[in-house]
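Colleague: For reference, the sequence and a predicted model appear below.
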Amino acid sequence: MTAGPTAPARAEPEPVWWIGIRLLEVFVRLTVRLRITGLERIPASGPALVVANHVSYLDPVVLVVLAHRRGRRMRFLGVREVFDRPVIGWVLRAGRHIPVGDGAERMVAIRQAGAALARGDLVLVYPEGTIPAAGPAAAAKGGAGLLALRMHVPVIPVATAGLERGAGRWWRRRVATVVVGAPVDLSNVAGTGRARYEAASDRLLAAIRAL
């Protein structure tokens, strides 16, 4: 992984993206009434890392659509199990989203995310790693902090509410709030190695929850 972003390469044609994003836009408009604050804080160009709370399979869909409204293509990291499904997996891979597996595969995903940032992409990662179970607040994992500290790109916190699994009825549009915060400053995160990455992830998750 590089220590920082390089000059963005010219975007390659992505026919599946242009078809898929229009279908997702229609789906979101039909199923969710969004209240959005701070969308302008997502950079209009250049690499940026978006960190968010993960509450359902719906929230990455909504955030991809919001990024498109900002004129951006967003790549997100998701669990490999979803990428292994016959149809949705092909769509996700065609959209250049990034599967995250167990063990050594996690570092492969981090490197792929770093490469996307180096190309000038917008990348979404969840500090919690996955959709947390009900109960006490989940702890952050080190992957988001590692990516943020190594790539030296703007890190934008986003909080969603109303997209949780089981929220609302299938026949009724749910009301959801999305708040985009100011970039998180990680310049003074202390420690070394894994402890530093986890401390950075803790700060990112705290910034999301503060929204």
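Modeller: Yep, it's here. Numbering: from 1, shown residues only.

Colleague: C-alpha only now, for contacts and for neighbours.
Modeller: OK.

Colleague: show me where the protein has helices.
Modeller: 15-31, 58-69, 80-83, 86-94, 104-118, 142-151, 193-210 (DSSP state H).

Colleague: between these, which gets nearest to Leu163?
Modeller: Closest approach to Leu163 among the helices of the chain (C-alpha to C-alpha): helix 58-69, 6.1 Å.

Colleague: what angle sits between the closest one and helix 15-31?
Modeller: Here helix 58-69 runs at 110 degrees with respect to helix 15-31, directions being taken by axes from the mean of the first three to the mean of the last three C-alpha atoms, to 10 degrees.

Colleague: Pick the most buried one from the helices of the chain.
Modeller: Among the helices of the chain, helix 142-151 has the highest mean neighbour count (mean count of other C-alpha atoms under 10 Å), at a mean of 22.

Colleague: give me every residue that touches Val62.
Modeller: Residues in contact with Val62 (C-alpha atoms under 8 Å, 6 or more residues apart in numbering) are Val28.

Colleague: Tell me which residues touch the residue nearest the centre of the chain, please.
Modeller: Using C-alpha atoms, centre = their mean, the residue of the chain that lies closest to the mean C-alpha position is Leu124, 1.9 Å off. For Leu124, the contacting residues are 49-52, 74-77, by C-alpha under 8 Å, 6+ apart.

Colleague: could you redo the last one with a cut-off of 6 Å?
Modeller: Contact partners of Leu124, counting by C-alpha atoms under 6 Å, 6 or more residues apart in numbering, are 50-51, 76.

Colleague: that older thread, out of the helices of the chain, flag the one nearest Pro157.
Modeller: Comparing those by C-alpha to C-alpha, helix 193-210 comes nearest, at 5.3 Å.

Colleague: Can you check what angle separates that closest one from helix 142-151?
Modeller: With the same axes, to 10 degrees defining the directions, helix 193-210 sits at 100 degrees from helix 142-151.

Colleague: tell me which strands and helices helix 193-210 is in contact with?
Modeller: Helix 193-210 is packed against helix 142-151, strand 155-161, with contacts defined by 3 or more C-alpha pairs under 6 Å, 6 or more residues apart in numbering; DSSP states H and E.

Colleague: and if we set it to 8 Å?
Modeller: If you count contacts as 3 or more C-alpha pairs under 8 Å, 6 or more residues apart in numbering; DSSP states H and E, helix 193-210 packs onto strand 48-52, helix 142-151, strand 155-161.

Colleague: What pairs with the last one, parallel or antiparallel?
Modeller: Applying DSSP bridges to the sheet, strand 155-161 is found paired with strand 48-52 (parallel), strand 174-180 (antiparallel).

Colleague: Quick one: closest of the helices and strands packed on helix 193-210 to Ala94.
Modeller: strand 48-52 (20.5 Å).

Colleague: Return the distance of the closest one from the chain's centre.
Modeller: Put simply, strand 48-52 sits 5 Å off its chain's centre (C-alpha atoms, centre = their mean, to the nearest Å).
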